[in-house]
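**Student:** Below is the sequence, then the predicted model.
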Amino acid sequence: QVQLVESGGGLVQAGGSLRLSCAASGRTFSAYNMGWFRQAPGKEREFVAAISRSGVSAYYADSVKGRFTASRDNAKNTVYLQMNSLNAEDTAVYYCAADRSEWSYGSKLTTYNYWGRGTQVTVSS
């Protein structure tokens, strides 16, 4: 089992950047593929990015491709989401999630077994 805690959210102007972190408990962090999702008010939770156990493979939603980068440091039990060129449509609560199954690009919510509580990102226009 793994517990996830997101941090790094906040208020940023359009065009700005933020880096989210997700710290995981436990000694088997490297056994999990990790995902980032977001949920805006009144909308369903949607896929943002996923990164494989080793960090070699990553997959992004079209809406963030080229602006967001997922990375991880298995020695620190942490996964990151670097967000650049933010716009108002990126405003949402961002969640990280963990999955022990075989890497399959991780874009489906149902793939993930464990979720953090989220961190708010607000982009002002």
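**Tutor:** In hand now; what should we look at? Only a predicted model underlies this, so the values are computations on that prediction, with no experimental measurement involved.
**Student:** any chance you could map the strands in this structure?
**Tutor:** Secondary structure of the chain by DSSP state E: the strands cover 4-7, 10-13, 18-24, 33-39, 46-51, 58-60, 68-73, 78-83, 92-99, 114-115, 119-124.
**Student:** Can you list the buried residues in the first one?
**Tutor:** By neighbour count on 16 or more other Cβ atoms under 10 Å, the buried set for strand 4-7 is 4, 6. All C-beta spots, glycine's among them, are computed from the backbone N, C-alpha and C.
**Student:** so what strands line up beside it?
**Tutor:** Next to strand 4-7 in the sheet, as set by DSSP bridges, lie strand 18-24 (antiparallel).
**Student:** For the chain, which residue occupies the most central location?
**Tutor:** residue 36 (2.4 Å; Cα atoms, centre = their mean).
**Student:** per-residue pLDDT, that one?
**Tutor:** Per-residue pLDDT puts residue 36 at 98.
**Student:** Any idea what it is bridged to?
**Tutor:** Counting by DSSP bridges, the residues bridging with residue 36 are residue 49, residue 96.
**Student:** wait, what's in contact with it?
**Tutor:** The contact partners of residue 36, taken as Cβ atoms under 8 Å, 6 or more residues apart in numbering, are 20, 22, 48-50, 68, 70, 79, 81, 94-97.
**Student:** re the thing from before, so which of the strands of the chain is nearest residue 108?
**Tutor:** strand 46-51 (7.4 Å; Cβ to Cβ).
**Student:** what angle sits between the closest one and strand 92-99?
**Tutor:** 50 degrees (axes from the mean of the first three to the mean of the last three Cα atoms, to 10 degrees).
**Student:** And strand 46-51, what does it pack against?
**Tutor:** strand 33-39, strand 58-60, strand 68-73, strand 78-83 (3 or more Cβ pairs under 8 Å, 6 or more residues apart in numbering; DSSP states H and E).
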